[in-house]
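Undergrad: output the structure for:
(chains A and B)
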2 protein chains.
Amino acid sequence: MLLAEGPLSRVELARRTGLSSTAVTKAARPLIDDGYLYELPPERTAPGAGRPVNPLAVAPDREYFIGLKISSDQVFGAVCDLRAGIRATAVRPLDDCTPEAAAALTAGLVGELLDAEPAFRSRTRHIGVAVNGDVDRDGGRLRHSGLLGWRDVPLAELLTAATGLAVTVENDVRALTVAEHWFGEGIGTEYFALVTIGAGIGSALVVNGQLLRGAHGVAGEVGHLCVDPSGPRCRCGARGCVEAIASTDAILAEVRQATGNPHLTFGEVADLARGDHPAAREAFARAGHAIGVGISALVNLVGPERVVVSGEGVDAYDLLSRHIQDAYAAHAFGAASRCPLSLRPLPWEDWARGGAAVAIQALFPQYAVTTTTGAG
Amino acid sequence: MLLAEGPLSRVELARRTGLSSTAVTKAARPLIDDGYLYELPPERTAPGAGRPVNPLAVAPDREYFIGLKISSDQVFGAVCDLRAGIRATAVRPLDDCTPEAAAALTAGLVGELLDAEPAFRSRTRHIGVAVNGDVDRDGGRLRHSGLLGWRDVPLAELLTAATGLAVTVENDVRALTVAEHWFGEGIGTEYFALVTIGAGIGSALVVNGQLLRGAHGVAGEVGHLCVDPSGPRCRCGARGCVEAIASTDAILAEVRQATGNPHLTFGEVADLARGDHPAAREAFARAGHAIGVGISALVNLVGPERVVVSGEGVDAYDLLSRHIQDAYAAHAFGAASRCPLSLRPLPWEDWARGGAAVAIQALFPQYAVTTTTGAG
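TA: I've put the predicted structure just below:
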């Protein structure tokens, strides 16, 4: 809670967590002794409001974390402090997209990041990796990534061997959601969702303050909800998935076919739509509608407090936004419609920061973010 | 865990809950002193397996609970023991569906149930009420029920005044889900869902062992997922909801229109479909498909370990089943398809028992059902 919400007195912490003051004081002591927390000068909230209190605050520079986002052609890295503040960034092109080449490249990138400031090397112990695909976080393995073409890769082991640091691996959308939940739009929420649009369409959900993982490792697959029984075939094999209608590839294919021009780029398609080309406008309208219906399904089933929309597809959000909002408003059921959608154009640094947030969270496994406010 | 899974040794309880043996022993002592738990005779699991252990067991007759299901024309009641075993049932017709008339009728029904066995009256303190609509469980209020036509009714207060017993009110689908999670098909699962089909289509979900409530009180609204943009208009105002295609009323309206016979009953429509009437078969096929797509959305987003399908609509399950299973299999994404659907034709007694399960759960608010098995 201190990481997410900033300095708070022990009394306020006790009130918000539902813990006893004794429990808060007891939990804070070793963290103060280790330098993770410190006491701010006493403050008196109002004249006559009782004896002054010393709010507790996180010492952000006590430890640094490296966050990485591995994509099929680049590795992005960021050094973050304890509150996920970005302190340095670097990026390297990945010419050879194999696990071994990525690990070697990453070792160099990590070295570059650690050299950016003298304190980084001595106070960094942990790397968090955000990566596309099905991740076994506890086992440190990437089970499968279609985008990278990797299967059953012991990524944590490879990167620990290459860097000498502890490594936690997490699915990239889930990592971004952890970062937004602890340090972004989702602060203080118990039910929260993040939806990413772009080449793929995915989401991750926070329920009762915890990331939803699904009994079989699958959850948040908003891209594979069927929203139109007569819709196009998806690469997953099913018909009418959100992703088959609304991914950047789906929009591109639709407009290429409609115009008879197979060489159009996504940027050109977006420009056509902005120029009122009917087929291009229609493709974005259908895509936005499918995304809005998918988000309404998520909201009707899980009931988040807010939904953040992000991903590389938000570059075209001006073309999608109204259709997403209209479809969402039409299909959100009853009080569920009170859940606001907000747009967050998160650049690649934020995906790397997602990895760092996972590493920060791994440092405090015993402290789940829960508050006594919000839905009961 | 003892309520759900039966006698277990303290060592086994500690192992499964992740608590220390000391914590288990400490938690058990007051429950033994109060007669809720007792020790079974020592058992030795295998020769030479160490000193004998006394498994702990729940004393089911230590306390009884009355479960009620209030529908628009009947009130069902059941006396259940601590393990939700049904010990007596009763039902009364509700001629005047107002909160006051229902409370008066319920007082008589509760009296009848308590008189069924001498021990019931002395050992019953708590009523759990399962009721359609939007329920504020903590406040004991029914915010709104379309089926009953009630709005903002202080139901717990009314029923406590009428019966002298403590009252907990819960949405009926959520109550049934609590009963199935603690005492039925969902035992031992951390992610579990129950879907009811019939006049309405609803669901409730258990995530990390807890009932999902949604930040705005809305969750599990599988009936209001949009599965067909060109589908019929739903009573919620949106187009293409599962409920607009697959509720008993929707099927009935469809076949009445196709046959030009406005007097057909649902039973007659089901018989037509069983007799291979094309329009009737097609209406059930479309309904089953919509339900299967709705369940696949639930499974893709939340990832339950298993889904139970129930509700009064299961009388026609022979006509729906294949279509539900086919659509579910076609749209469940990846490993999510490992989640089995099972049919549980739960009669009205089980809905009343759902109320009792909520009352039992209210007795042990500090004991959430969590296990160390299942998804991490």
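
Undergrad: ok, A:His263 - how many residues close by?
TA: A:His263 is flanked by 6 other residues according to other CB atoms under 10 Å in any protein chain shown. For glycine as for every other residue, the C-beta is placed from the backbone atoms N, C-alpha and C.

Undergrad: go on, the one 4 residues further on?
TA: For A:Gly267, the number of neighbouring residues by other CB under 10 Å comes to 11.

Undergrad: next: A:Arg141.
TA: The tally of other residues near A:Arg141 (other CB under 10 Å) stands at 17.

Undergrad: that one reaches A:Leu155, doesn't it?
TA: Yes - in this structure, A:Arg141 is within contact of A:Leu155 by CB atoms under 8 Å, at 6.5 Å.

Undergrad: need the overlap of contacts for the two.
TA: Residues touching both A:Arg141 and A:Leu155 (CB atoms under 8 Å, 6 or more residues apart in numbering or on different chains): A:Val169.

Undergrad: is A:Gly334 in contact with B:Ala219, as I believe?
TA: No - applying CB under 8 Å as the test, A:Gly334 and B:Ala219 come out as separate, 11.1 Å apart.

Undergrad: among the two, which residue is more densely surrounded?
TA: For A:Gly334 and B:Ala219, the more surrounded residue by other CB under 10 Å is B:Ala219, and the numbers stand at 26 against 15.

Undergrad: Validate this expectation: that one resides in a strand.
TA: No - read with DSSP: H, G, I helix; E, B strand; the rest coil, B:Ala219 is coil and lies in no strand.

Undergrad: what residues are up against it?
TA: Neighbours of B:Ala219 in contact, by CB under 8 Å, 6+ apart: A:Asn300, A:Leu301, A:Val302, A:Gly303, B:Ala204, B:Leu205, B:Leu212, B:Arg213.

Undergrad: likewise for A:Leu68?
TA: Taking CB under 8 Å, 6+ apart as the criterion, A:Leu68 is in contact with A:75-78, A:106, A:109-110, A:127-130, A:352, A:355.

Undergrad: which non-adjacent residue is nearest the most centrally placed residue in chain A?
TA: Closest to where the C-alpha atoms of chain A average out (CA atoms, centre = their mean) is A:Leu176, at 1.2 Å. With CB to CB, 6 or more residues apart in numbering or on different chains as the criterion, A:Leu176 has its nearest non-adjacent residue at 4.0 Å, and that residue is A:Gly354.

Undergrad: is chain B contacted by stretch A:200-210?
TA: Yes - using CB under 8 Å from any CB of the partner chain, we find that stretch A:200-210 touches chain B at A:Ser203, A:Leu205, A:Val207, A:Asn208, A:Gln210.

Undergrad: again but with stretch A:226-240, I slipped
TA: Yes - under the criterion of CB under 8 Å from any CB, stretch A:226-240 makes contact with chain B via A:Cys226, A:Val227, A:Asp228, A:Pro229, A:Ser230, A:Cys236, A:Ala238, A:Arg239.

Undergrad: just checking, the fourth one touches B:Asp228?
TA: Yes - A:Pro229 sits in contact with B:Asp228 when judged by CB under 8 Å, with a separation of 5.7 Å.

Undergrad: show me which of these two is the more surrounded one.
TA: The neighbour comparison of A:Pro229 against B:Asp228 (other CB under 10 Å) goes to B:Asp228, with 22 against 19.

Undergrad: which helix runs longest in chain A?
TA: Scanning chain A for the longest helix, with DSSP state H as the assignment, gives helix A:278-302.

Undergrad: separate out the buried members of the contacts of B:Ala219.
TA: A:Asn300, A:Leu301, A:Val302, A:Gly303, B:Ala204, B:Leu205, B:Leu212, B:Arg213 (16 or more other CB atoms under 10 Å in any protein chain shown).

Undergrad: next, format those as a markdown table and append distance to A:Leu159.
TA: Below are those laid out as a markdown table (distance: CB to CB, whole Å):
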| residue | distance to A:Leu159 |
| --- | --- |
| A:Asn300 | 40 |
| A:Leu301 | 36 |
| A:Val302 | 33 |
| A:Gly303 | 37 |
| B:Ala204 | 41 |
| B:Leu205 | 36 |
| B:Leu212 | 35 |
| B:Arg213 | 39 |
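
Undergrad: which element is the residue in the stretch 151-300 of chain A positioned nearest to chain B on?
TA: Proximity of the stretch 151-300 of chain A to chain B (CB to the nearest CB) peaks at A:Gly214, 2.0 Å away. Using DSSP states H and E, A:Gly214 sits in no helix or strand.

Undergrad: excluding covalently adjacent residues, which one is nearest to it?
TA: B:Gly303 (2.0 Å).
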